[in-house]
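**Student:** just coords:
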């Protein structure tokens, strides 16, 4: 059962200045992280979490679920706004109790956001006053267009940018307004046609010993195929992970009609398999030294082993049956598999359990460790797991903005911080490659940064990465959140 503190720990984790960019800009990685609260949102809409509103922090958590996570979880659909009326009612009651003055200034703004989102002018007037008073109290410049929201409601009586989603017909004045650059509010996709043109070109990036030829749209599926449909509800439908086989074939896993696609070293399509076999929340792919392909399926709560052509050899877990989080047994939304030199399997488990499980080569559970939280050895989300040559296990604790390093026994060896939502990592011969919400970085084995390739270099949205892997020459492959497979070829 989700608690208010679970919501607040997730939402406010890390540096607030970094977090604001995630809160108020489209970030598919963050949206994906919110999936763990989909049940809480459903219960909140039904009024079954109203008891949270009895305390300041409980009311804050309830408002974040109703007013904010509804946007993360239903982006681009009418369901985005379905909880707004309930959120406004909770906000008004909380303000009447003075709850907004009993939390910090960063948290306080979320008591006001349901009014900012309202199409009622009285709500907009109150939102502008409350936001201005908050900014004055902390000597902060206005970070969002609260007054502009009010101006738009004064002029049109509604937000025209919502019309298409809600099936409303634009007036001529609204058409004129929407044609203006930057019209509307809320996160927008970067790039459009200009980005697509840039993505199909080669770009020289990096410096020194780490110069690359970057092609964002490297893998070319057959005509009419893709790495995920646009605008689907639920987990982001996109490519999620990949690996390179011993013969150089590149395997790509995606939440699409053809889940596993195989490409040659030039990005040309070779084959596919897995059609109809995995859920819409399939998550991780690993190739073991024998050439077997392992798939972690968060939606089915399983880990499966396959031959290179897709024949299933075995299944760990019960398909469709999530293990109760109370007991921490395998599996509840597993995310990835790491193979140790001993043949032992380590599974990151994942969105539900916040655990790591160790299995024998025969698939017998040996031991597990981890629990929810932000302390040493605890996890907010066990997003991916990777083993180095010495069988140390690197776990991407994404929502805690860190990577934790463990011995195969589960002993915590180090906590590696300084990241923004690290989603995956890969090992070269002498270096470590890390992908996160802020781009791709390359490090020495003693965790000294060599180079950082920013999210918006060499063009906006260039690096929007879910999964990262390497080939034998340490060329870098990326599974991008917006349905592209990229390659950085060493020069």
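**Tutor:** Nice, I can see it. In this text the structure is predicted, and so the values were computed from the model without any measurement.

**Student:** Number of residues surrounding residue 360?
**Tutor:** For residue 360, the number of neighbouring residues by other C-beta atoms under 10 Å comes to 12. From N, CA and C alone the C-beta is placed, and that goes for glycine too.

**Student:** For it, give its distance to residue 340.
**Tutor:** Between residue 360 and residue 340 the computed distance is 11 Å (C-beta to C-beta, to the nearest Å).

**Student:** so where is this protein shaky, pLDDT-wise?
**Tutor:** Along the chain, segments meeting pLDDT under 70 span 14-18, 21, 136-147, 181-200, 230-234.

**Student:** domains for it, by residue range?
**Tutor:** As given by automatic domain parsing, the domain ranges for the chain are 4-178, 192-490.

**Student:** Could you work out the end-to-end span of stretch 319-333 for me?
**Tutor:** End-to-end distance for stretch 319-333: 11 Å, by C-alpha to C-alpha, to the nearest Å.

**Student:** List the buried residues for it?
**Tutor:** Going by neighbour count (16 or more other C-beta atoms under 10 Å), the buried part of stretch 319-333 is 322-323, 325, 328-333.

**Student:** Now do the residue nearest to residue 478 when sequence neighbours are not counted: how many residues are near it, please.
**Tutor:** Excluding the flanking residues, the one nearest residue 478 by C-beta to C-beta, 6 or more residues apart in numbering is residue 486, at 4.3 Å. As a burial measure, the neighbour count of residue 486 was computed by other C-beta under 10 Å and equals 24.

**Student:** would residue 486 count as being in a helix?
**Tutor:** No: counting by DSSP: H, G, I helix; E, B strand; the rest coil, one finds residue 486 to be strand, located in no helix.

**Student:** I'd guessed it sits against residue 468; true?
**Tutor:** No: the pair formed by residue 486 and residue 468 falls short of the contact definition of C-beta atoms under 8 Å, at 9.8 Å.

**Student:** rewinding a little: and of the buried residues of stretch 319-333, the nearest to residue 208?
**Tutor:** Distance to residue 208, by C-beta to C-beta, is smallest for residue 333 among the buried residues of stretch 319-333, at 40.2 Å.

**Student:** From residue 441, how far out is the closest one?
**Tutor:** Residue 333 sits at a distance of 27 Å from residue 441 (criterion: C-beta to C-beta).

**Student:** related to what we said a few turns ago, which single one of the buried residues of stretch 319-333 is nearest to residue 242?
**Tutor:** Proximity to residue 242 was ranked across those by C-beta to C-beta; first place goes to residue 333, at 20.2 Å.

**Student:** dump the residue contacts of the closest one.
**Tutor:** The contact partners of residue 333, taken as C-beta atoms under 8 Å, 6 or more residues apart in numbering, are 281, 298-299, 301, 322, 349-353.

**Student:** swap the cut-off to 6 Å and go again
**Tutor:** 298, 350-352 (C-beta atoms under 6 Å, 6 or more residues apart in numbering).

**Student:** One more: residue 485?
**Tutor:** Contacts for residue 485 were tallied using C-beta under 6 Å, 6+ apart; they are 218-219, 239, 252.

**Student:** Can you add neighbour count and give the residues you listed back as a markdown table?
**Tutor:** Supplementary listing: the contacts of residue 485 in a markdown table, determined by neighbours: other C-beta atoms under 10 Å:
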| residue | neighbour count |
| --- | --- |
| 218 | 22 |
| 219 | 25 |
| 239 | 29 |
| 252 | 26 |
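
**Student:** Spell out, range by range, the strands that occur in the stretch 201-350 of the chain.
**Tutor:** Chain-ordered strands for the stretch 201-350 of the chain, with DSSP state E, counting those that start in this stretch as the definition, fall at 202-207, 210-215, 239-244, 250-254, 260-263, 269-273, 282-287, 293-297, 302-306, 312-316, 334-339, 345-349.

**Student:** Among these, which comes closest to residue 152?
**Tutor:** Minimum separation from residue 152 across these (C-beta to C-beta) falls at strand 239-244, 36.8 Å.

**Student:** Pairing partners for that closest one, with directions?
**Tutor:** Within its sheet, strand 239-244 is paired with strand 250-254 (antiparallel), according to DSSP bridges.

**Student:** got the angle for the strand it pairs with vs strand 282-287?
**Tutor:** Relative orientation of strand 250-254 and strand 282-287, computed by axes from the mean of the first three to the mean of the last three C-alpha atoms, to 10 degrees: 170 degrees.

**Student:** List the contacts of strand 250-254.
**Tutor:** Residues outside strand 250-254 that contact it (C-beta under 6 Å, 6+ apart) are 227-228, 239-244, 260-263, 285, 485.

**Student:** out of those, which is most surrounded?
**Tutor:** Within these, most neighbours by other C-beta under 10 Å means residue 240, with 33 neighbours.

**Student:** Can you name the residues that contact it?
**Tutor:** Shown here is residue 240, whose contacts under the criterion C-beta under 6 Å, 6+ apart are 253, 283, 466-467, 479.

**Student:** quick one: residue 57 is in a helix?
**Tutor:** Yes: under three-state DSSP, residue 57 falls within a helix.

**Student:** That one: what's its closest spatial neighbour, skipping adjacent residues?
**Tutor:** Closest residue in space to residue 57, ignoring its immediate chain neighbours: residue 4 at 5.8 Å, by C-beta to C-beta, 6+ apart.

**Student:** The closest residue to residue 45 other than its chain neighbours: how many residues sit nearby?
**Tutor:** Counting by C-beta to C-beta, 6+ apart, residue 45 lies nearest to residue 83, which is 5.3 Å off, once chain neighbours are set aside. Using other C-beta under 10 Å, the number of residues around residue 83 comes to 23.

**Student:** Could you do residue 290 as well?
**Tutor:** With other C-beta under 10 Å as criterion, residue 290 counts 11.

**Student:** swap in residue 179?
**Tutor:** Counted with other C-beta under 10 Å, the neighbours of residue 179 add up to 8.

**Student:** Ok, residue 432 next?
**Tutor:** 22.

**Student:** Also residue 361?
**Tutor:** 12.

**Student:** roughly how far apart are the residue nearest to residue 45 and residue 208?
**Tutor:** From residue 83 over to residue 208 (counting by C-beta to C-beta), the distance is 50 Å.

**Student:** Likewise for residue 127?
**Tutor:** Computed with C-beta to C-beta, the distance linking residue 127 and residue 208 is 50 Å.

**Student:** what's across from the nearest residue in space to residue 452 that is not next to it in sequence in the sheet?
**Tutor:** Spatially, and ignoring its direct neighbours in sequence, residue 452 is nearest to residue 441 (4.5 Å; C-beta to C-beta, 6+ apart). When bridges are taken as DSSP bridges, the partners of residue 441 come out as residue 434, residue 452.
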